[in-house]
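**Q** Just a sequence and a predicted model for now, questions to come.
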Amino acid sequence: MLNRHQELQKAESVISVPNISINDLSVRYRTKGSALTALEHISLDIPRNSFVSIVGPSGCGKTTLLKVLSGVLRPSSGEVKFDSKSLAEADLSGKIGYVFQRPLLLPWRTAIENVVLTLEVAKKHLGREERLAEARKWLELVGLAGFEDRLPNELSGGMQQRVSLSRALAFRPPILMMDEPFAALDEITRETMQEELLRLWSITESSVIFITHSISEAVLLSERIVVMSARPGKVDEIIDVPFARPRGEELRGSAAFTELVQYIRHKLRESKPVGAN
Amino acid sequence: MWLRYLSRVSGQIGVFVAFFLAWEALVDIFKIKPVILPAPSVIFLTIGKHWAYLMQHTWPTFLAIGGGFLFAAIAGFIIAVGIAYSRWISELTYPFLVSAQVLPKIALAPLFLIWFGFGLTPKVVIAALIAFFPIVINTARGLQSVEVELIQYMRSLGAGWREIFFKISLPWSLPYVMASFKIAITLAVVGAVVGEFVASDRGLGYVISYANISLDTELMFAGIFVLSALGVLFFLAVVLFEWMVLSWQAAIETTPETM
């Protein structure tokens, strides 16, 4: 394992992972007559190689924020900078790996071919054999050795999400965006996936932006948690998580962990507008 | 696995056999005249007797069905792509397509005769026209049903439209396309035969209508049987094509259980 670890690190160090800074960002939608503010005055730093989680009630604009960061949606005001480059200047294509709540695999491609697809698009210089080798390596890293030739339909939900994760990691993106990736999984699968993700993240050096509804998940995984409130979506508080790594089972049961979870939960309840349920 | 397949197929054949036996028995018991309803044994004998004649007329019908279907498939697919990817085209053409769908296209057959003459062309046109609509509508739906997130994902990786179309959208829509092909091929058979009914001096449709006029019910049934066989062969060809293209889906269906 250590050999592969070093090998990956060597390959990774070629890629520069940018510092992302968000400055006074607002997103307003104009619908018939009324203007809807999805995000208001968001300022936030995502240092290179960090793990940042965003938690908040539904409708606080978490996904909108991801869309802005990935260049799908243009902000109404404010700016996003990747190192010194603006969103427009930073060519993000092939630099962001996504994992969604649903695995979104192609049902006609086997597990390995689903990973290869990403490499076909993002790593055009690789030959067929190299792509296969690379894909096989990543499937092995997420614990799917032996399942390479299964169709998505022949895999469990957790395994499908593992394929989705290795697909996102295989082209070594400097930034990984995850939108509630484990929300559809059962508790136990979810916990193993969280630990796997931490292990993978430690060997890849990518920055991770992680959206979740689960406070304990955010606390376990992140270095920094952005607590947001809804309507309009604002940053309520940015919390730097003090726990040392590697984090695992012991941390989940510790008093400090529970305390931080409780604190954030309290924060989120407070921010809920009156009358909302 | 094999045994179950075998028993299913033999059961399916059994239903055919039972149908023909019952028919045979009914004709025999009630002494139905051959001019009203000939017995299957008589029909099969008639097919044998007129084999060369029937085969000679099968070929033009084969061309009309095959040609009509191919035209419908190609034109239908192209228009479906237009509808799926251009809001402008879709909004402009949809009302027209729906109205045209409602119109009984068979009623146009005499008109095509005036326009395209007596030969193969009007049959191909009718077959194509009637087979066209399910292909357009299903294919467009298939292309539109692609997960938006998947396309955004491909774009974020730097994929161009061509890569997205051939790697995602096209394979994604294939189950829809194949389903529409199965409907379309049976419609093409109807279209071709109607064309031959209306005016023709060849083809199985002509054989049937000619036998009808001359009260040769046995030959009429012989023509109907050969036509059915031809239709079934066309259908099986499409199913075989589907099976080749969508082998992954067959793999899903035969998967014993997902873990």
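**A** Alright, I've got the coordinates.
**Q** At which residues are the strands of chain B located?
**A** For chain B, strands defined by DSSP state E do not occur.
**Q** Could I get the CA-only coordinates of stretch A:248-257 as CSV?
**A** What follows is stretch A:248-257, C-alpha atoms only, in CSV (Å, rounded to 0.1, in the frame of the first residue of the first chain):
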residue,chain,number,x,y,z
GLY,A,248,-11.9,7.1,12.7
GLU,A,249,-14.2,5.2,14.9
GLU,A,250,-12.8,6.5,18.3
LEU,A,251,-13.4,10.1,17.3
ARG,A,252,-17.1,9.4,16.5
GLY,A,253,-17.7,8.4,20.1
SER,A,254,-15.6,11.1,21.8
ALA,A,255,-17.2,13.9,23.9
ALA,A,256,-15.5,16.7,21.9
PHE,A,257,-17.0,15.3,18.7
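**Q** Run the chain-centre distance for it.
**A** Computed by CA atoms, centre = their mean, to the nearest Å, the chain-centroid distance of stretch A:248-257 equals 22 Å.
**Q** pretty sure residue A:258 belongs to a helix, no?
**A** Yes: residue state for residue A:258 (DSSP: H, G, I helix; E, B strand; the rest coil) corresponds to a helix.
**Q** show me where the chain has helices.
**A** Looking at chain A here, since you left the chain open. A:2-12, A:62-69, A:111-122, A:128-141, A:157-170, A:187-204, A:215-221, A:249-253, A:255-271 (DSSP state H).
**Q** Actually, chain B is the one I wanted.
**A** Using DSSP H, the helices of chain B run over B:2-29, B:40-49, B:51-85, B:87-102, B:109-116, B:120-144, B:148-156, B:161-164, B:170-198, B:204-213, B:217-245, B:247-253.
**Q** of all those helices, which lies closest to chain A?
**A** Closest to chain A of the helices of chain B is helix B:247-253 (CB to the nearest CB; 4.1 Å). To be clear about C-beta, it is placed using only N, CA and C from the backbone, and glycine gets the same treatment.
**Q** so of the helices of chain B, which one's packed in deepest?
**A** Stretch with highest mean neighbour count among those: helix B:120-144 (a mean of 24; mean count of other CB atoms under 10 Å in any protein chain shown).
**Q** just to revisit the earlier point, can I get the helices of chain A in TSV including distance to chain B?
**A** Formatted as TSV, the helices of chain A follow (distance: least, CB to the nearest CB, whole Å):
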stretch	distance to chain B
helix A:2-12	18
helix A:62-69	9
helix A:111-122	4
helix A:128-141	13
helix A:157-170	8
helix A:187-204	12
helix A:215-221	21
helix A:249-253	25
helix A:255-271	27
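**Q** circling back to that earlier point, now mean pLDDT and distance to chain A too, for the helices of chain B, in JSON lines please.
**A** Listed next are the helices of chain B as JSON lines, based on pLDDT from 0 to 100; distance: least, CB to the nearest CB, whole Å:
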{"stretch": "helix B:2-29", "mean pLDDT": "92", "distance to chain A": "21"}
{"stretch": "helix B:40-49", "mean pLDDT": "94", "distance to chain A": "43"}
{"stretch": "helix B:51-85", "mean pLDDT": "95", "distance to chain A": "18"}
{"stretch": "helix B:87-102", "mean pLDDT": "86", "distance to chain A": "19"}
{"stretch": "helix B:109-116", "mean pLDDT": "87", "distance to chain A": "40"}
{"stretch": "helix B:120-144", "mean pLDDT": "92", "distance to chain A": "13"}
{"stretch": "helix B:148-156", "mean pLDDT": "87", "distance to chain A": "5"}
{"stretch": "helix B:161-164", "mean pLDDT": "91", "distance to chain A": "6"}
{"stretch": "helix B:170-198", "mean pLDDT": "93", "distance to chain A": "5"}
{"stretch": "helix B:204-213", "mean pLDDT": "92", "distance to chain A": "38"}
{"stretch": "helix B:217-245", "mean pLDDT": "94", "distance to chain A": "10"}
{"stretch": "helix B:247-253", "mean pLDDT": "70", "distance to chain A": "4"}
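**Q** Relative to residue A:16, which of those helices is closest?
**A** Between residue A:16 and the helices of chain B, the shortest gap by CB to CB is with helix B:148-156, which sits at 18.3 Å.
**Q** With residue A:125 as the reference, name the closest of the helices of chain B.
**A** For residue A:125, the closest of these is helix B:161-164, at 15.4 Å, according to CB to CB.
**Q** what comes into contact with that closest one?
**A** Applying CB atoms under 8 Å, 6 or more residues apart in numbering or on different chains, the contact partners of helix B:161-164 are A:121, B:151, B:154, B:155.
**Q** Kindly report the same for stretch B:85-97.
**A** By CB under 8 Å, 6+ apart, the residues outside stretch B:85-97 that reach it are B:79, B:82, B:83, B:84, B:133, B:136, B:137, B:140, B:143.
**Q** residues touching the closest residue to residue B:209 other than its chain neighbours, list them.
**A** Nearest residue to residue B:209 in three dimensions, chain neighbours excluded: residue B:197, at 5.2 Å (CB to CB, 6 or more residues apart in numbering or on different chains). Taking CB under 8 Å, 6+ apart as the criterion, residue B:197 is in contact with B:109, B:205, B:206, B:208, B:209.
**Q** if I look at the fourth one, how far off is residue B:218?
**A** If I follow you right, that is residue B:208. Here residue B:208 is placed at a distance of 12 Å from residue B:218 (CB to CB, to the nearest Å).
**Q** Point me to the residue of chain A nearest chain B.
**A** Taking CB to the nearest CB as the measure, chain A has residue A:93 as its residue closest to chain B, at 3.6 Å.
**Q** Spit out the contact partners of the residue nearest to that residue when sequence neighbours are not counted.
**A** Spatial nearest neighbour of residue A:93, excluding adjacent residues (CB to CB, 6+ apart): residue B:158 at 3.6 Å. Counting by CB under 8 Å, 6+ apart, residue B:158 touches A:93, A:94, A:121, A:122.
**Q** Settle this for me: residue A:176 is touching residue A:211, isn't it.
**A** No: the pair residue A:176 / residue A:211 is not scored as a contact, 11.7 Å apart, by CB atoms under 8 Å.
**Q** what's around residue A:63, how many residues?
**A** 16 (other CB atoms under 10 Å in any protein chain shown).
**Q** quick one: it and residue A:178 touch, right?
**A** No: assessed by CB under 8 Å, residue A:63 is found out of contact with residue A:178, at 11.5 Å.
**Q** So for the two, which residues contact both of them?
**A** Residues within reach of residue A:63 and of residue A:178 at once, by CB under 8 Å, 6+ apart, are residue A:211.
**Q** how close does the residue positioned nearest the centre of chain B get to residue A:26?
**A** Closest residue to the average C-alpha location of chain B: residue B:185 at 1.3 Å, with CA atoms, centre = their mean. Plainly put, residue B:185 is 56 Å away from residue A:26 if you go by CB to CB.
**Q** Not counting its neighbours along the chain, what's nearest residue A:114?
**A** Leaving aside its sequence neighbours, residue A:114 sits nearest to residue A:105 (CB to CB, 6+ apart; 4.9 Å).
**Q** for residue B:239, same thing?
**A** residue B:182 (7.0 Å).
**Q** List the residues that contact the one you found.
**A** Residues in contact with residue B:182 (CB under 8 Å, 6+ apart) are B:235, B:238, B:239, B:242.
**Q** Check the spacing between residue B:233 and residue B:240 real quick.
**A** Taking CB to CB, one finds residue B:233 at 10 Å from residue B:240.
**Q** let me fix that: residue A:186
**A** Counting by CB to CB, the gap from residue A:186 to residue B:240 is 41 Å.
**Q** likewise residue B:127?
**A** Look at residue B:127 and residue B:240: by CB to CB, they are 20 Å apart.
**Q** try residue A:46
**A** Using CB to CB, residue A:46 is found at 54 Å from residue B:240.
**Q** Check residue A:263 too.
**A** For residue A:263, the distance to residue B:240 equals 64 Å [CB to CB].
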